[in-house]
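Novice: Any chance you can model this:
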Amino acid sequence: MSSQQPSGQKAESGQKAGSDQTAVSGQTAVSDQKAVSGQKFASLRYTALRFGLLIACFAVVWVLCYARVVPLGANNSNFVWMILLALILSAPLSWVLLRKQRDAMAVQVSERVERTRERLQANAGQEDRV
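Specialist: Got it, this is the predicted structure:
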């Protein structure tokens with residue numbers, strides 16, 4: 001007998017389960033809103049982070065050049081050499097470190113292309129009716 005719960009307790013646990021499902025769906029709606037607002041500036045965020053990574057790589061290369069760990073360029077080409085080296089370093093780093101931002105930007109761009117395609121098809125349909 002001790003293993004069975006009274007029927008009143010079962011109803012309460014059922015009500016809790018229903019309210020838990022409502023809470024979970026409410027949290028999902030909030031996270032969906034955050035995802036949509038996060039996607040709004042995905043391209044800007046990715047570009048800014050990529051530029052920041054380039055600046056950070058340039059700073060590291062600059063320190064390494066003036067510490068004579070990395071050789072300096074010949075005939076006053078040091079600045080160009082440092083920029084090229086920073087670009088070479090930042091490209092694979094951004095490929096690995098900025099994967100989530102790049103994926104969010106890809107979603108944003110594909111949604112924009114799809115909306116434009118739908119709008120063009122709607123306009124073409126209006127022109128055909130005239």
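
Novice: Quick one: list the elements packing against the helix or strand containing L120.
Specialist: Using DSSP states H and E, L120 sits in helix 99-129. On a contact count with 3 or more C-beta pairs under 8 Å, 6 or more residues apart in numbering; DSSP states H and E, helix 99-129 meets helix 7-40, helix 42-66. Bear in mind the C-beta positions are built from the backbone N, C-alpha and C, glycine included.

Novice: Worst mean pLDDT among the ones you listed?
Specialist: Note on the helices and strands packed on helix 99-129: lowest mean pLDDT is at helix 7-40, with a mean of 50.

Novice: still on that earlier bit, now the angle between helix 42-66 and the helix holding L120, please.
Specialist: 140 degrees (axes from the mean of the first three to the mean of the last three C-alpha atoms, to 10 degrees).

Novice: What residues sit buried inside the helix or strand hosting L93?
Specialist: For L93, the host element (DSSP H and E) is helix 78-97. Buried residues in helix 78-97, defined by neighbour count with 16 or more other C-beta atoms under 10 Å: W81, M82, L85, A86, L89, S90, S94.

Novice: Which single one of those is nearest to A122?
Specialist: Distance to A122 across these (C-beta to C-beta) is lowest for S94, with 37.5 Å.

Novice: give the contact list for that closest one.
Specialist: Neighbouring residues of S94 by C-beta atoms under 8 Å, 6 or more residues apart in numbering: L49, R50, L53.

Novice: Make sure the first one is actually in contact with R99.
Specialist: Okay, so that is L49. No: if you go by C-beta atoms under 8 Å, L49 and R99 don't touch, sitting 11.2 Å apart.

Novice: Please say which of those two ends up with more neighbours.
Specialist: The neighbour comparison of L49 against R99 (other C-beta atoms under 10 Å) goes to L49, with 15 against 10.

Novice: Before I go, just wanted to say thanks for your time.
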